[in-house]
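**Q** Sequence and predicted structure are below.
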Amino acid sequence: MSEITQESRRNFMKLFAVAGGGLVLGFNSTSSIASGLGLIDGSNLPAAAIDFNSYLSISPDNIITILSPNPELGQNIKTSFPMIVAEELDADWTKVKVVQAPLDTNKFERQVTGGSGAVPHSWERLRKAGATARHMLMEAAAKRWNVAANSLSTENGMVVHAASGRKLSYGELATEASKVPVPTDVKLKDNKDFKLIGTAVRNVDNHEMITGKPLYGLDVYKEGMLFAMIQRPEAFGMKLKSVDAAKAKAMPGIVDVVTFGNNVAVVGKSTWQVMKARKELKIAYEPDGTLESSADHDRLFKELLNSKEANVRRQDGDVDTAFKNAAKVIKSEYQCPFLSHSPMEPMNFFAHVRPDGVELAGPTQTPQRARDMVAKLLDIAPEKITLELTRLGGGFGRRLSADYVLEAAELSSIIKAPVKVIWSREDDMSGGTYRPAVRYRFEAALDAKGNMIGYKLRGVGINSGNPTREDNFPSGAVDNLLIDSVEHKSAITTGPWRAPITNFLAFAEQAFLDEVAQAAKKDPVQFRLELLDKAKKAPVGEIKYDIDRMRGVIELAAEKSNWGKKKGVHQGFSVYFSHRSYVAQVAEVKLVKSVPVVEKVYAAADCGIVVNLSGAYQQVRGGIVDGLGHAMYSKLSFKDGAVEQKNFNNYRLIRLKEIPEIDVHFVNNGIDPTGLGEPALPPTGGAVANAIFKATGKRLRNQPFMEQVEFKNGKVI
């Protein structure tokens, strides 16, 4: 197995110095071009003191390289980032490469993949870097040809003088351009002039992924590295009592068995050897707190929904009077279970704790957090820790946590050797972090004309933080509104799960709005548009969503799905705003032998400018498949603190044959990108639940839906 390495910043500079000179530009994400952009000449590339955040380089052999700081876990930034630079640079895309950067908090800002924020954060700085390089190349060509720079143009990696027909490649000009003063200001392209942005470009890692090249954390191998698997408590609320490791230690390839905290680590020369040896451990545990079961959670939800200790998140108008005077009141409760993140690549990380510093390598969404937590654990300066980023085999929020990184670092410090800790699927499903379980109570008050004059939402969650999004729609569109929440603290570990909170709140909220629309005798789409009109003309309190953008996706989804005009299918609607973007969906359900089947989903997305059309389609379709599968099938339950579903044999995921046709459309409004990794997931559950109601007359208020739709003699009951 070959060793994976990523070019360090210093080695990256040396690479292009050896190439014989060239232009290397650094650009800072928080500063203007004038103050944040420096110049490195190919003759003095090793000058390591330049404080940059990211790097654009042009070598004499015409290769354009970007040192990309953010972890890549499938959201496509490793392709989108260079596309943005190449667009402003007028580069030959076939000559563009991207190199994954290691963690460097002195040079980079926000080396995080999460919150659908990578492209929105980097959009302007990447464009300026490309435009600045283009300007300097044109200045170099103008000087060589003794012509005015404004008489030149660029295309496909060439500077062109149309009057004389002369052309020079960027590589030919790179060294000369490196001596041109960095401009204090550059003009960016008009959106209408984009040639690369908005097209479909294949993922830059496709070939490596398909051919099995070492890209992921599980591929990492370092000289002298040992392997480890850890046995953790079998239930939340248990602690280690005793360990008999004699048999495990005697097995082939086993180097040691180490106990630290509540962990028992088996260390050996191969994954298979430590996996077998771990099964021979004899470990006793004892209670260390309350051992909760799902039945306890159901009881707690009922109690907390009636608690007088709620935390008020938003209150508009006089809610009590509105409900007292209402012509009709609608009240419903919705519940969602714990879920596993289930990334394809289980948790793993490499650590080598040495007297002079620490080397870390592996898949993490938050490398700085991981490094800083290791520094605190080992009581050393963060500057003594290097962290090499690999591609992530999925994350969905699981790799925002650093627990598995800390395990590797602590174990290495104990055994005084380099080690890679590997989790099994069962390890992650039974001892990882989960989407928190939540229950909601919704209430709506209607006047005699079917107008919603009052709205109440209470969210109760288990380690969920704030299970509401109090400023999202329909807040601002209802005169009298109360949103509050109650929290239960549990030993069960939870964390962000793709589109945190909104992944289940959107389902509940959008399904309930359909219930209200039905009670008001209004079309569900028209009902939402009326609420938006109210928010536009007579807003109540602060509006923290864009009414026009939400209306835009609603109208586009209704148009593309031919809403309300089709025969033979049952349509359900949903729309949601999360992570700065807006997505509306229409799910179509048919009854096949009296069984509801989701056949098609239409999606209209407003995420601002779409950088890579291919990647954008994948993000929307992937979000819908993820949202549908987990709404329909997935659930984690607990018995005496232990997870009952430990692998995919009894933790149900969507299957290929269950994926519907998905028709995706984007709103082209020309605004800067606003993110797309998460926003397509939240609306899916509500659209599907509303379509199933249309088909069967049965309201689905809890997830997974398949637990509520029972079949008898082919009939839905």
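**A** Now that the structure is in, tell me what you want to look at.
**Q** which regions of the stretch 451-600 of the chain lie under the pLDDT threshold?
**A** For the stretch 451-600 of the chain, no stretch has pLDDT under 70.
**Q** if we go to 90?
**A** 592-595 (pLDDT under 90).
**Q** Name the nearest residue to Phe648, ignoring sequence neighbours.
**A** Arg425 (7.3 Å; CB to CB, 6 or more residues apart in numbering). All C-beta spots, glycine's among them, are computed from the backbone N, C-alpha and C.
**Q** how close does that neighbour get to Glu280?
**A** Separation of Arg425 from Glu280 (CB to CB, to the nearest Å): 20 Å.
**Q** do Pro474 as well
**A** Distance from Pro474 to Glu280, by CB to CB: 58 Å.
**Q** So those two - more neighbours on which side?
**A** Set Pro474 next to Glu280 and count neighbours by other CB atoms under 10 Å: Pro474 wins out with 21 against 17.
**Q** what sits against that one?
**A** Counting by CB atoms under 8 Å, 6 or more residues apart in numbering, Pro474 makes contact with Met452, Tyr455, Leu481, Leu513, Leu531, Ala535.
**Q** if you set the cut-off to 10 Å instead, what comes out?
**A** 444, 452, 455, 457, 481, 509, 513, 516, 528, 531-532, 534-535, 540, 545 (CB atoms under 10 Å, 6 or more residues apart in numbering).
**Q** try Asn262
**A** Ile230, Gln231, Arg232, Pro233, Met238, Lys239, Leu240, Tyr285, Asp288.
**Q** Quick check: the residue nearest to Phe648 touching Val643?
**A** No. Between Arg425 and Val643 there is no contact under CB atoms under 10 Å: 12.0 Å.
**Q** Mutual contacts of these two, please.
**A** Ser340, Tyr651.
**Q** Settle it for me: which of those two has more neighbours?
**A** Val643 (22 against 16).
**Q** And the pLDDT for that one?
**A** pLDDT for Val643: 97.
**Q** Over to Ala118?
**A** 87.
**Q** I'd like to know how far the spatially most central residue of the chain sits from Arg498.
**A** Among the residues of the chain, the one closest to the centroid is Gly114, at 4.5 Å (CA atoms, centre = their mean). Separation of Gly114 from Arg498 (CB to CB): 10 Å.
**Q** quick one: common contacting residues for those two?
**A** Joint contacts of Gly114 and Arg498 (CB under 10 Å, 6+ apart) are Gly395, Phe396, Gly397, Gly677, Glu678.
**Q** Asp92: which of the residues you listed is nearest?
**A** Ranked by distance to Asp92 (CB to CB), the shared contacts of Gly114 and Arg498 are led by Gly677 at 28.7 Å.
**Q** in what helix or strand does that closest one lie?
**A** Using DSSP states H and E, Gly677 falls within no helix or strand.
**Q** so Arg621 sits in a strand?
**A** No. Arg621 is assigned helix when assessed by DSSP: H, G, I helix; E, B strand; the rest coil, not a strand.
**Q** Now do stretch 414-421, average pLDDT.
**A** Taken as a whole, stretch 414-421 has an average pLDDT of 98.
**Q** Ends of it, what's the gap?
**A** 13 Å (CA to CA, to the nearest Å).
**Q** Tell me where the stretch 301-450 of the chain has helices.
**A** For the stretch 301-450 of the chain, helices defined by DSSP state H, counting those that start in this stretch occupy the ranges 319-324, 367-378, 403-415, 425-431.
**Q** quick one, phi/psi of the nearest residue to Glu644 once chain neighbours are set aside?
**A** Closest residue to Glu644 apart from its sequence neighbours, by CB to CB, 6+ apart: Ser637 at 4.8 Å. Backbone torsions of Ser637, given as degrees, to the nearest 10, read phi -120, psi 160.
**Q** do the same with Pro355
**A** The phi/psi pair for Pro355 (degrees, to the nearest 10) is phi -60, psi -30.
**Q** For the stretch 301-450 of the chain, give me the ranges with low pLDDT.
**A** Checking the stretch 301-450 of the chain against pLDDT under 90 turns up 432.
**Q** make it 80
**A** Along the stretch 301-450 of the chain, the model assigns pLDDT under 80 to no residue.
**Q** returning to that earlier point: with the contacts of Pro474 in mind, which one is nearest to Gln703?
**A** Nearest to Gln703 among the contacts of Pro474, with distances taken as CB to CB, is Glu509, at 13.5 Å.
**Q** and that closest one, how many neighbours does it have?
**A** Glu509: 23 neighbours (other CB under 10 Å).
**Q** Could you number the chain from 676 rather than 1 from now on?
**A** Done: numbering now begins at 676, and the last item shifts to Glu1184.
**Q** Check whether the residue lying closest to Ala875 once chain neighbours are set aside sits in a helix, strand or coil.
**A** Spatial nearest neighbour of Ala875, excluding adjacent residues (CB to CB, 6+ apart): Ser1289 at 3.8 Å. The assignment at Ser1289 comes out as helix when based on three-state DSSP.
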